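Engineer: pasting the sequence and the predicted coordinates here, then a few questions.
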Amino acid sequence: MTAATGASFGLAGILSGCGGGGEADTATPAAESEAAAPAAQASCTDVSGLTDAEASMRDTLGYVDSSTEDGKSCANCALYTAAAAGESCGGCTLLKGPINPNGYCVSWAMAAS
């Protein structure tokens, strides 16, 4: 193997490890696959737009993207706000940031029927 060939393999490995190198390159396929995925597959864990205190509150209340509590999910919680048309993540009146309808936190309260 020549040094140039080895360098190109090394560069390919680095780029694949960090998402291919460009934000524009990775944003479109991820957005398309997330939009096409059912809510159960949605990832609503991006807290990049939250303050440290808001992100910490999610941790404090034990928010998880997929509930392990039978019959309890954000979708049937009184605090959940449904996702806008075309979106997979909703919101919460208690927690800031994206909320998976199949998620859960310790503040879950049964929504009125």
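Structural biologist: That came through, no problem.

Engineer: how near is the closest residue to L94 other than its chain neighbours to D65?
Structural biologist: Counting by Cβ to Cβ, 6 or more residues apart in numbering, L79 is the residue found nearest to L94 once chain neighbours are left out, at 5.0 Å. Yep, even glycine has a C-beta here, placed from its N, CA and C like the rest. Applying Cβ to Cβ, to the nearest Å, the value for L79 to D65 is 16 Å.

Engineer: quick one, helices of this protein?
Structural biologist: 3-17, 23-36, 52-60 (DSSP state H).

Engineer: domain map for the protein?
Structural biologist: 1-36, 39-113 (automatic domain parsing).

Engineer: for A53, which residues are in contact?
Structural biologist: Neighbouring residues of A53 by Cβ atoms under 8 Å, 6 or more residues apart in numbering: there are none.

Engineer: mind checking how far it is from N76?
Structural biologist: Applying Cβ to Cβ, the value for A53 to N76 is 28 Å.

Engineer: ditto for G86
Structural biologist: 22 Å.

Engineer: which one of these two is surrounded by more residues?
Structural biologist: N76 (15 against 6; other Cβ atoms under 10 Å).

Engineer: before we move on, back to that, pLDDT at the residue nearest to L94, what is it?
Structural biologist: With respect to pLDDT, L79 has a value of 98.

Engineer: right, and it touches G90 too?
Structural biologist: No - assessed by Cβ atoms under 8 Å, L79 is found out of contact with G90, at 10.3 Å.
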